[in-house]
Structure formats: structure tokens, C-alpha cells
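Novice: requesting a structural model of the entry that follows:
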Amino acid sequence: MRNDLIKVLLVEDNPGDARLIRELLADCKTARFSLEWVDRLSLGLERLTQGGLDIVLLDLRLPDSNGIDTFVKIHCQAPSLPVIPLTGMDDEELAVTVVRAGAQDYLVKGEVDTNLLSSAIRYAIERKKTEEALRESEKRYRILFEATGTATVVVDQDSTIVLANAEFEKLSGYSKEELQGKMMWQDFVGEEEAKTIMEYGSRMIRSADTVPQTLDFNFIDRSGTLKSVFMTSTLVPGTKRFVASLLDVTERRKMEDELLKVKKLESVGILAGGIAHDFNNILTAILGNISLAKMFTGPGDKVYERLTEAEKGAVRAQELTRQLLTFSKGGAPVKHPTAIGELLQDTANFVLAGSNVRCRFDIAPDTWPVEVDEGQMSQVINNIVLNADQAMPSGGTLKMKVENVTLSGEKRYASLRLDDGRYVRISIEDQGVGIPERDLTKVFDPYFTTKAKGSGLGLSIAYSVVEKHGGVINVSSVLGSGTTFYIYLPAAQAKKPVQILEEDRLVSGRGKILVMDDEQIIRQLVEEMLSTLGYEGDFASEGGEAIELYKHATEAGHPYDAVIMDLTVPGGIGGKEAIKKLLMFDPKVKAIVSSGYANDPVMADYRKHGFTGVVAKPYRIQELSRTLRQVVESNG
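Specialist: Okay, here's the model as predicted:
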């Protein structure tokens, strides 16, 4: 300060007082001063516009201004300059008021000497610099505080929110005016979590630890919505306050929960697929033996009737395994031309057996057949009808309509995202409570449900199955008036669905058949079936053995007319691998793939993998006979 020239503006109308100030400054040995003097406020304001000053000494009583207004005008003109008022002995109260308004100090005329004046000037300049530095620091702090990108608050020891940024306003739903100094942590959390956070803050204060700490808890916003938040907080150095940044991780938590559900469901799906496969092997033995036993009796016989009922039960169990396989996402559907109206009626009547909901069917007599996996499509209808039943707890009517639709670029079908062509449309309309508009876009989302005990999987599986069939499913609803689901399925190329009369299902034949299956009970059953049908059979328990038998028979001049291969062989070579090796040896091999995984991709597209035919477990002698005749008599 000694070598720096301090430029002072004195605004004083008394020449004697002005002369005294000049002399006092000139006598100072510890600092150098340059004094400019004006005797009117207007002149002082004009000089301030030119800049280059360090401080203003201001008489509060001037010819053109008086009292605190004098200071205010000077301060507004140059807010960054320190101002020291000069006052008479009877004006100290006014001087104190001016200091409170922003003046750095005040001096009483008649009591000022060189040391007091020079010290007051230097301290005023330093204080002003400090204030400006603090103000600038606070400005930068507030910018950072607002620009953190997370909801940030400064909280007092008693949990009162002192400061809050814009992001915290968004998170909480309250304005800063409502938050700051008026609300506490307890307003945003439950009672138990409030205790946890208070203890958390108290530990930080006691330890004076400024290392950031983290905490997860549930945050309740203005609307009562519960949000998952991740908080990082630390003590503000030198205080008992702490600053906390809160990150809304609600969606991330939901995603983590959904991923966990997916993993669990994948595990359950693998288990379900395995159970279905093993169960289908057992059902093959049951159905196959029943079908054989029925050949030794006839209609009208009590034994035949009992076997027929047992067969129906086994077929119903077969539908259950198909649903398990669909749940396990075992692959593409195995499609056959089907009369969808009959499937719709059978499934709906079965689901609603014992319910107070009644069906009203409107099925066009000329409905085109559709190529579907009957098991999977039955599950789609099952899921929708079950939802409708639950939506009408007091009963009602479920209207179900099947009709032909030809799409040809019409605007009303533009949203379906389907190619032009022939489709069969299924409409399922209930009289239930309806679906809120906000939920309509979510009904097919995995795990979305409005039911207390719902899994949220039924409609998502339905959506997936219909999509795999090349179709579309959508929904419309009016709250309180009911819901309608629409399913569009491509019409089959065949004019009529495949329908084979009971008495025509058994087809005899001749030839030599190689059977590969790891289940002894299946090998024994198929041996009896082949013998009954007129075929000669050889058997292998896994693919390697089957390949050797096939090669040996071919080289010996007694080739097999067809091969039946199980797709999955635990611990051995299954059908998928074995057919590749057989094709390398004999490109004309006629192979039938068989599996308890009825919707395995290989089963759905067997020709692509080198097979000539397919028979899904469980099967009866009738299905096996038709498949064998078709393959044996084919040209490859």
C-alpha cells in the first residue's frame, strides 16, 4: 500500500473541511494519496463516470442533496467503490444508518487526524476488496450449485433446507421460496428414513469429516410419488451444515429389477422347457400305448370309451406342455393350417368353464384357415379371455368375432404395420372395467400389470406369439365400458384346414426304419407301433450309434427307408448333429425329426436342417403312420 497511489474523491461543500482533509492526507507517511475535491453531489456523480478512483469521502449534507439519499446516489453510480461518509457530531445516528446501507465506515468531522483518516481509507478499500472477492466467490459457487446437474441442497444442523437449486425444485415439486428456510428433510421421507438421515448427519457433524458419504433412500415428492434416490453429501467446512446432491435413480432401479426378473424368468423358462420335454416323453408313452390299445377294441365297447377318455386327458396334458414351452420361449411356432374359429370356441369355453361370464360367438362360415401353432395360439386366446373374465367379476358377456379382412392400402389399417393381403381378424370384446388411456400403450409391456397378483406376462407372451405368426395384436378401451382386443393373422395359402377323419388316421406301410431315441420306453413303444403298421425297425440310443447302423446297413445293401431321430440326447449326439453327418454320407437320406421340445426352431423349419418330415412328441400311432407314409413315399 505504501508505494501505491490511492486516488480519493472528496465530495464536500465546506472549503475549510476540504482543506483540512487535504492536509491530513498530505501528512501521512505510510501511504500516498491523490485527492480530488468537488463541492456538489452532481459534480461528484459526474466525476465517478470517468473512473480511476479508489475511494469516496462523502459529506452527507450538500447543497444539492441531503442525508441517506446522498449516499444512495453515490453508491448506485459506483457500487464497487468504497464510500466513507463524513458527518457532524450530531449526525452519528444517520452515519450508522448509512453504514448499514453499505458504507464501509464513517468519520466524524472534528475528530479526524492523519492516522485515523489514512487507516479508515485503507481498511475501507481492503474490506471492499474482500467483499467483492466474497461476492464473486459466492456468485461462482451459486453457478456451480445450480449447474451440478443433480438436485442439490444445503441443509442446516436441524435438517432445515437453507439453499436449494433448480434441480431440487424439479425433484421435490416445490419452489425455492417454499423450500428455503421453511422445509426440512422430514418433509420428504418416511419416519424411519428420517431417523436414519438425521443420525447420518449427526455422525458427520460429530466427526467433522468432510469426506463425501453416500446413502440410498426413498424420496417423497409433492404429489406423493415415491422416488428412489442416491445421495452424496459432505460437511460444509467450518460449519455444521452439509451439502447434499440427490440423483433420481428410480428408472435405473426399475431397470435393475426388470433385469433381475428376466434372469429369474430365464431360469424358470429353462426349467419349464426341461420339464415339458421330459413330460412329453412320458406323454408319448401314454398316448402311444392308448392308441395301440384302442386298436384291440372298438366304438361301443366300455374299454374303448375309457381309453378314449384317458386319451382326451393326455391330450389336455399335451396342451399344458405346449404352454410351458411357449413360456420357456423355446423357438418359432410349428404351424399347420387351422380353422381358427373352432380353436377360439374350444379355448374360450374351456377357460370360462364354471365362470359367470358367457361367450357369444360370431364366426363367419367362410372364414379362411390360418397357419398357426395351435398350442401357442390357444395360449394367446387363453390369456386374453382370462383377463376379460377377471375384468368382469360380476359376470357379463364376452363377444368373440372371427371374420375375413383384405388389406389393400386402406388408411384405416395404416397403423397395423401389415403388408397388403388376406388376413383373419379375431375380435374379443368384454364388458369390463376398461383400461385407463395412460395404460393402453403399456398393456403388452413385459411385467406391466394393474392386478395385485398379476405377473404382467400374459399379454406380453400373447404379443410375442402373434408377432411370430406374422400377425398383429392391438387393443382399444373405454374406461368403465369395456375392452376389445383385435388379432390379425395371415390367411393360409391352403383353401381348407387339414382335417383327417378318425377312421382314416391309421396308415399302414412297408419298409425298414431306423429309430434313434435315448428313452428306452419310447424305443419299445415305437417298436410296437412299427410292427403294427407293417414296418421293420432297428433302434439306437444316440446319434453316433445310429450313424454307424445306417452306414453298415447301406454298405451291406439293405438301406433304411427312413430314419426317426430324437432332437435332444443328453450326453450324446442328438438329431441336429447326427443329420449333418448322415447327409454327408448319404445326401438322399430320409429323416424324420422328433422331439419333446415341440416348438424348437429345428421342428418349426425342419427342411432347412436337412430333415424330410417331423413328428412332435407326444404322438399317437395315427400321427406316426401318416408321417412315415409321407416320408417313405416321398422323392427326397
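Novice: strands of the stretch 101-250 of the chain, residue ranges please.
Specialist: For the stretch 101-250 of the chain, the strands defined by DSSP state E, counting those that start in this stretch cover 107-108, 151-155, 161-164, 213-220, 226-235, 242-248.
Novice: also compute the angle for the fourth one relative to strand 242-248, please.
Specialist: Angle of strand 213-220 versus strand 242-248, following axes from the mean of the first three to the mean of the last three Cα atoms, to 10 degrees, is 60 degrees.
Novice: thinking again about what came up before, among the strands of the stretch 101-250 of the chain, show me which one is buried the most.
Specialist: Among those, strand 151-155 has the highest mean neighbour count (mean count of other Cβ atoms under 10 Å), at a mean of 22. All C-beta spots, glycine's among them, are computed from the backbone N, C-alpha and C.
Novice: let me see the mean pLDDT of the strand or helix carrying residue 337.
Specialist: Assigned by DSSP states H and E, residue 337 falls within strand 336-338. Average pLDDT, strand 336-338: 84.
Novice: what packs against that strand?
Specialist: strand 370-372, helix 374-391 (3 or more Cβ pairs under 8 Å, 6 or more residues apart in numbering; DSSP states H and E).
Novice: and residue 202, which of these is closest to it?
Specialist: helix 374-391 (50.3 Å; Cβ to Cβ).
Novice: flag every buried residue along that closest one.
Specialist: Within helix 374-391, the residues scored as buried using 16 or more other Cβ atoms under 10 Å are 374-385, 387-389, 391.
Novice: cool, stretch 555-566 as well?
Specialist: For stretch 555-566, the neighbour count (16+ other Cβ under 10 Å) marks 560-566 as buried.
Novice: cool, stretch 583-603 as well?
Specialist: Using 16+ other Cβ under 10 Å as the test for burial, stretch 583-603 gives 589-600, 602-603.
Novice: wait, is residue 405 part of a strand?
Specialist: Yes: per DSSP: H, G, I helix; E, B strand; the rest coil, residue 405 lies within a strand segment.
Novice: could you report the neighbour count for it?
Specialist: Applying other Cβ atoms under 10 Å, we find 18 residues neighbouring residue 405.
Novice: OK, contacts around it?
Specialist: Residue 405 is in contact with 422-425, 488, counting by Cβ atoms under 8 Å, 6 or more residues apart in numbering.
Novice: which residues does it form beta bridges with?
Specialist: In this entry, residue 405 is beta-bridged to residue 423, by DSSP bridges.
Novice: any idea which element the residue nearest the centre of the chain lies in?
Specialist: Centroid-nearest residue in the chain: residue 255, 4.9 Å away (criterion: Cα atoms, centre = their mean). Residue 255 is part of helix 250-294, with elements assigned from DSSP H and E.
Novice: can you pull out the helices in the stretch 401-550 of the chain?
Specialist: Counting by DSSP state H, counting those that start in this stretch, the stretch 401-550 of the chain has helices at residues 458-468, 520-533, 543-555.
Novice: just the ones you listed: most buried one?
Specialist: Ranked by mean neighbour count, these are led by helix 458-468 with a mean of 20 (mean count of other Cβ under 10 Å).
Novice: tell me the pLDDT of residue 535.
Specialist: At residue 535, pLDDT is 94.
Novice: am I right that it is in contact with residue 511?
Specialist: Yes: between residue 535 and residue 511 there is a contact at 5.5 Å, judged by Cβ atoms under 8 Å.
Novice: now for the helices and strands packed on strand 336-338, which one comes closest to residue 353?
Specialist: So among the helices and strands packed on strand 336-338, helix 374-391 is nearest, using Cβ to Cβ, at 10.7 Å.
Novice: got the angle between the closest one and helix 458-468?
Specialist: Using the same axes, to 10 degrees: helix 374-391 against helix 458-468 is 150 degrees.
Novice: how far is helix 374-391 from where the chain is centred?
Specialist: Distance of helix 374-391 from its chain centroid, counting by Cα atoms, centre = their mean, to the nearest Å, is 25 Å.
Novice: elements contacting that helix?
Specialist: helix 302-327, strand 336-338, helix 340-351, strand 396-407, strand 421-429, helix 458-468, strand 482-490.
Novice: most packed of the ones you listed?
Specialist: Counting by mean count of other Cβ under 10 Å, strand 482-490 has the highest mean neighbour count of the helices and strands packed on helix 374-391, with a mean of 22.
Novice: off-centre distance for that strand?
Specialist: 25 Å.
Novice: could you do stretch 107-127 as well?
Specialist: So, by Cα atoms, centre = their mean, the centroid of stretch 107-127 is 69 Å from its chain's centroid.
Novice: also stretch 102-117?
Specialist: Between the centre of stretch 102-117 and the centre of its chain there are 70 Å (Cα atoms, centre = their mean).
Novice: what lies in contact with that stretch?
Specialist: Stretch 102-117 is contacted from outside by 17, 20-21, 24-25, 27-28, 57, 71, 75, 82-89, 92, 95-96, 98-99, 120, 123-124, 127-128, using Cβ under 8 Å, 6+ apart.
Novice: ChimeraX command for the buried members of those residues?
Specialist: Applying 16+ other Cβ under 10 Å to those, the buried members can be selected in ChimeraX as follows:
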select :17,20,21,24,25,28,57,71,75,82,83,84,85,86,87,95,98,99,120,124,128
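Novice: just the ones of the contacts of stretch 102-117 in helices?
Specialist: Judged by DSSP state H, the subset of these located in helices is 17, 20-21, 24-25, 71, 75, 92, 95-96, 98-99, 120, 123-124, 127-128.
Novice: any low-confidence regions in the stretch 201-350 of the chain?
Specialist: Residues of the stretch 201-350 of the chain meeting the criterion pLDDT under 70: 208-210, 257-274, 276, 318-333.
Novice: ok, now with 90
Specialist: 201-220, 223-339, 341, 343, 346-350 (pLDDT under 90).
Novice: make a markdown table out of the helices of the stretch 401-550 of the chain and add distance to residue 187.
Specialist: Putting these into a markdown table (distance: least, Cβ to Cβ, whole Å) gives the following:
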| stretch | distance to residue 187 |
| --- | --- |
| helix 458-468 | 39 |
| helix 520-533 | 69 |
| helix 543-555 | 70 |
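Novice: looking at the ones you listed, which has the lowest confidence?
Specialist: Of all the helices of the stretch 401-550 of the chain, mean pLDDT reaches its minimum on helix 458-468 (a mean of 80).
Novice: picking that back up, separation between the residue nearest to the centre of the chain and residue 146?
Specialist: Separation of residue 255 from residue 146 (Cβ to Cβ, to the nearest Å) stands at 29 Å.
Novice: over to residue 558?
Specialist: Taking Cβ to Cβ, one finds residue 558 at 89 Å from residue 146.
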